[in-house]
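J.: quick one, what's the 3D model for this:
(chains A and B)
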2 protein chains.
Amino acid sequence: MTKREHVMYDFSAEPGNNELTVKEGETVTVLNQVHTGSDWLAKWDEEWDDARSTGGYGETTGEEEGEATGRNTHTHMKISLNKFAFSKIPNPEVYLLAKLPPKGKDRLAIYMGDVGPVWLYPQSPLDCVVADPKKGSKMYGLKSYIEYQVTPNTTNRPVNHRYKHFDWLYERLLEKFGSAIPIPSLPDKQVTGRFEEEFIKMRMERLQGWMCRMCRHPVVSNSDVFQLFLTYRDEKEWKTGKRRAEKDECVGPMVFSLIDPEAPELDIIEVEQKCELFSRFTKEMDDGVKDLLNVGNIHWKRCTGPLRKEYQKIGKAFQNLSSVFNTSGYTGEATLTDALTAAGKTYEEISQIVAEQPRKDLHFLMETNNEYKGLLGCFPDTIGVHKAAIEKVREGDKMVAAGKINTQDKGTMAKRISIMCYSLQAEMNHFHSNRIYDYNRVMQLYLEEQIRFYETVRGGQEREGSMKR
Amino acid sequence: MTKREHVMYDFSAEPGNNELTVKEGETVTVLNQVHTGSDWLAKWDEEWDDARSTGGYGETTGEEEGEATGRNTHTHMKISLNKFAFSKIPNPEVYLLAKLPPKGKDRLAIYMGDVGPVWLYPQSPLDCVVADPKKGSKMYGLKSYIEYQVTPNTTNRPVNHRYKHFDWLYERLLEKFGSAIPIPSLPDKQVTGRFEEEFIKMRMERLQGWMCRMCRHPVVSNSDVFQLFLTYRDEKEWKTGKRRAEKDECVGPMVFSLIDPEAPELDIIEVEQKCELFSRFTKEMDDGVKDLLNVGNIHWKRCTGPLRKEYQKIGKAFQNLSSVFNTSGYTGEATLTDALTAAGKTYEEISQIVAEQPRKDLHFLMETNNEYKGLLGCFPDTIGVHKAAIEKVREGDKMVAAGKINTQDKGTMAKRISIMCYSLQAEMNHFHSNRIYDYNRVMQLYLEEQIRFYETVRGGQEREGSMKR
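T.: Residues are numbered from 1 along each chain as shown, chains lettered A, B, ... in the order given. As a prediction, the model looks like this:
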């Protein structure tokens, strides 16, 4: 599958998007050649459609333009193109065969829990609040930006961060933990500031969601770089910490060197089976989540668009008929025309309720699934590292025969792939427990809001119905 | 506006459709030249669309084809074409200037009620039940037909009638009363017998509605021809009665000669104002009714089509996610997957409820408005007779000057237009009281069913919600 290709055009990676900056004339190694020729174009189109149909569920057209979330479809397409064409899956060889430094203080503990291997969770979970977005400026007001206040529950002391700081944090986390832990992308950057307030609110909500997820991860939340981001006390500490984090050499597959599970070594067949199971599960969940986002998106549009208009039209039709009846000059018309007018108004209210409902229930369901879509999108890369390692270990005998490694190296590789597998299991168990918590919560809220919706509409109808009895 | 045209093609009127049979070479007088050239075609197209969008609200496409009502769009178009091009508005001159025969027994009484001039209503209202459609055959089984049992509340004795008998009755009523009373068309004839049972049921329902409306009319229900239809005792009585009815000469505008209101003569200005008022009201109500039918039709299609499918898809998406979650191998998954499956099933139930709802509430609202659409479509012709009479009376002075009539004739015309106006007022008051009764009833039923709908859905959601708490 691996293939070398010459770069035909310059491409500048956007920071935080897991892209690769390439220049014309360079040579890249294509690990994952998904598409060529017309297939390539077809996939491109698909991605484009996908971005429009599942990504922008808050987007509406025409008169509701003001509600747009400012999602940048074009950028999204570029990302997808870049992601599909090249993969930055790190080579696990560096870890499998490396001479490891002596074990330091920053060990990543895995122990055997009820559900199997699990990360060591802190006594009290870390949490933080992202709030109070403020416009800042520099260069004598020439450049302006939004600064968010981030307050962790440990210090209860707010720190200020711009989007680009979040982006820096994301890059560090991805670099350091990406081989072992899926690090979801930040909410997309925006191009135009057309609907600024709405956009800032939405971005803050999503940054909050992203930070929450990172806080809930025992490995990520406990890392130096994450703690620095949340608790730095002054500009100096921030800058020193940044430099230190950027110089961290224990990144990529080397992160596995920090892990030392106290558990029996797994054989390669078991490792491969588990890897396959997780790969299949995350792929299938990804499909299910995208399916739900798709139909949710369509339903959202129908509720705020045609359905709203239809109820409005029914309401207007009743009221029109009432107006006509009022001109009959016939006595004893009032009861009917009053009832018709009231029915018409009830329908206009229903129209309003129906249009506002998605923001009350679908919104949270969509946000959660969107977050999971992002998270699930990271698994192929993370699992890819494991699959590449398995392949390498399977070649062990050949490598020994070719004199590339010795028998001891082969034993080391087998031990290390077992460690990697414990890490993957701990991560999957972390994912599952979070998933169950998140989906239980979102389904409960969704169904409660749905009940409230039907109750509200029925209430309106009943008031109307009782008038006529 | 009046214009003579040569007939360019043969056209055979379908019985019961208020059409005109014409032969190539004949000359017709066009009273109401609505369209010419490309406008004509445009209107034809409009009518075609109209027939599809407002007439066939029970019609669905694709998988719901089995629910079609068998409405014949093509026939409908021909009718419209014929109606728009030519008008059979009878010339009121025959009545205005006729030597009237001595007053017979079949007087049509008008008295002054609280709301103005009203027909004399019977002590106990006539009613009948159309039921028990049976297949009959003749010519040794070569020709088969459906026979309906019609039972009036007066004799409680059923008589059998085929559609063509109803059609014959309609023709007689239209001929005799059409100048004074709008006689709505029968439910359309069907071309193919593809969905026979469904169609027969629907036709019976509509024939019942038509008979009910005729029974409720004090003039129509009391007429010899209508009584014959409901109460004939044997084939001989039916045939004799038929012959007599067909020979009735007191038809068309001559029906006004049966009317003798005991009320002061109205002057021509008042007559014209009332005529104008009724004309405007019925036209505006016609617009309002068509508007409601239109939006009702769209809503019907949305409920049985896209909305049903959407809820189904949401249901399926939840259930799919549940299935995927079940494969996680993680313990403690059951509560969530059970809840997701139940939510999915609830949504599939909602999908069903939403799709079935139109038959429960919209159906009756649509049937009633469809009936009124038919009734209102007769007013232009009925009012046309009055307008033509007003024009004739306004020409009175000129006609005297030209020696066409004498001053006494002019007085007779003035008196008779006043009688016509009382008849029109009685008819409008009859229409208004029926309209108020019908719309009160249909709105109440509609709103009650709507409340029941939201209650049912909410009930399902609540059962689901409580599971998850």
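J.: surely residue A:399 meets residue A:393?
T.: No - look at residue A:399 against residue A:393 with C-beta atoms under 8 Å: they stay out of range, at 9.6 Å. Every residue, glycine included, has its C-beta placed from N, CA and C.
J.: quick one, which of these two is more surrounded?
T.: Per other C-beta atoms under 10 Å in any protein chain shown, whichever of residue A:399 and residue A:393 has more neighbours is residue A:393, with 22 against 17.
J.: so after the helix or strand where the more buried one lies, what's the next helix or strand?
T.: According to DSSP states H and E, residue A:393 maps onto helix A:362-394. Once the chain leaves helix A:362-394, the next helix or strand it forms, by DSSP H and E, is helix A:396-401.
J.: how about the helix holding residue A:393: buried residues?
T.: By 16 or more other C-beta atoms under 10 Å in any protein chain shown, the buried positions in helix A:362-394 come out as A:362-363, A:365-390, A:392-393.
J.: what helix or strand is residue A:122 located in?
T.: Secondary structure assignment for residue A:122, by DSSP H and E: no helix or strand.
J.: distance check, it against chain B.
T.: Residue A:122 sits 21 Å away from chain B, going by C-beta to the nearest C-beta, to the nearest Å.
J.: wait, what's in contact with that residue?
T.: For residue A:122, the contact set (C-beta atoms under 8 Å, 6 or more residues apart in numbering or on different chains) comprises A:218, A:221, A:222.
J.: let's see if you can find the most crowded of those.
T.: Busiest of the contacts of residue A:122 [other C-beta under 10 Å] is residue A:221, holding 22 neighbours.
J.: I'd say that one and residue A:211 touch.
T.: No - in this structure residue A:221 lies outside contact range of residue A:211 using C-beta under 8 Å: 9.9 Å.
J.: mind giving me the packing neighbours of the host helix or strand of residue A:219?
T.: Assessed by DSSP H and E, residue A:219 sits inside helix A:218-221. On a contact count with 3 or more C-beta pairs under 8 Å, 6 or more residues apart in numbering or on different chains; DSSP states H and E, helix A:218-221 meets helix A:163-177, helix A:196-216.
J.: from the buried residues of helix A:362-394, which are also near chain B?
T.: Residues of those in contact with chain B (C-beta under 8 Å from any C-beta of the partner chain): none.
J.: ok so, going back, got JSON lines for the contacts of residue A:122, with distance to residue A:184 and pLDDT too?
T.: Putting the contacts of residue A:122 into JSON lines (distance: C-beta to C-beta, whole Å; pLDDT from 0 to 100) gives the following:
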{"residue": "A:218", "distance to residue A:184": "16", "pLDDT": "96"}
{"residue": "A:221", "distance to residue A:184": "14", "pLDDT": "96"}
{"residue": "A:222", "distance to residue A:184": "18", "pLDDT": "95"}
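J.: which of those sits closest to chain B?
T.: Proximity of the contacts of residue A:122 to chain B (C-beta to the nearest C-beta) peaks at residue A:218, which lies at 17.3 Å.
J.: that closest one reaches residue A:120, doesn't it?
T.: Yes - under the criterion of C-beta under 8 Å, residue A:218 makes contact with residue A:120 at 6.1 Å.
J.: hey, which helix or strand in chain A has the poorest pLDDT?
T.: Scoring the helices and strands of chain A by mean pLDDT, DSSP states H and E places helix A:37-50 at the bottom, with a mean of 33.
J.: give me the pLDDT value at residue A:121.
T.: For residue A:121, the pLDDT comes out at 94.
J.: cool, the one 10 residues further on as well?
T.: You'll see residue A:131 listed with a pLDDT of 94.
J.: please report how far it lies from residue A:201.
T.: Distance from residue A:131 to residue A:201, counting by C-beta to C-beta, to the nearest Å: 11 Å.
J.: again, but for residue A:94
T.: 43 Å.
J.: again, but for residue A:229
T.: Distance, residue A:229 to residue A:201, by C-beta to C-beta: 22 Å.
J.: likewise residue A:95?
T.: Taken as C-beta to C-beta, the span from residue A:95 to residue A:201 is 42 Å.
J.: neighbour-wise, which of the two wins?
T.: Per other C-beta under 10 Å, whichever of residue A:95 and residue A:201 has more neighbours is residue A:95, with 23 against 13.
J.: next, the buried residues of stretch A:105-124.
T.: So stretch A:105-124, judged by 16+ other C-beta under 10 Å, has buried residues A:108, A:109, A:110, A:115, A:116, A:117, A:118, A:119, A:121.
J.: low pLDDT regions in the stretch 1-150 of chain A?
T.: Applying pLDDT under 70 to the stretch 1-150 of chain A flags residues A:1-34, A:36-88.
J.: which parts of it sit against chain B?
T.: A:114, A:115.
J.: ok, now with 6 Å
T.: Counting by C-beta under 6 Å from any C-beta of the partner chain, the stretch 1-150 of chain A comes close to chain B at residue A:115.
J.: so how far is the helix or strand following the helix holding residue A:219 off the chain centroid?
T.: Sequence-wise, the next helix or strand downstream of helix A:218-221 (DSSP H and E) is helix A:224-231. Distance, stretch centre to chain centre, for helix A:224-231: 21 Å (C-alpha atoms, centre = their mean, to the nearest Å).
J.: quick one, helix A:224-231 and helix A:196-216 angle?
T.: 130 degrees (axes from the mean of the first three to the mean of the last three C-alpha atoms, to 10 degrees).
J.: show me what counts as buried in helix A:224-231.
T.: So for helix A:224-231, counting by 16+ other C-beta under 10 Å, buried means A:225, A:226, A:227, A:228, A:229, A:230.
J.: quick one: contacts of that helix?
T.: With C-beta atoms under 6 Å, 6 or more residues apart in numbering or on different chains as the test, helix A:224-231 has contacts from A:152, A:155, A:169, A:172, A:220, A:241, A:245.
J.: which single one of the residues you listed is nearest to residue B:318?
T.: Comparing the contacts of helix A:224-231 against residue B:318 with C-beta to C-beta places residue A:220 closest, at 30.2 Å.
J.: hmm, the closest one is touching residue A:212, no?
T.: No - using C-beta atoms under 6 Å, residue A:220 makes no contact with residue A:212, being 11.5 Å away.
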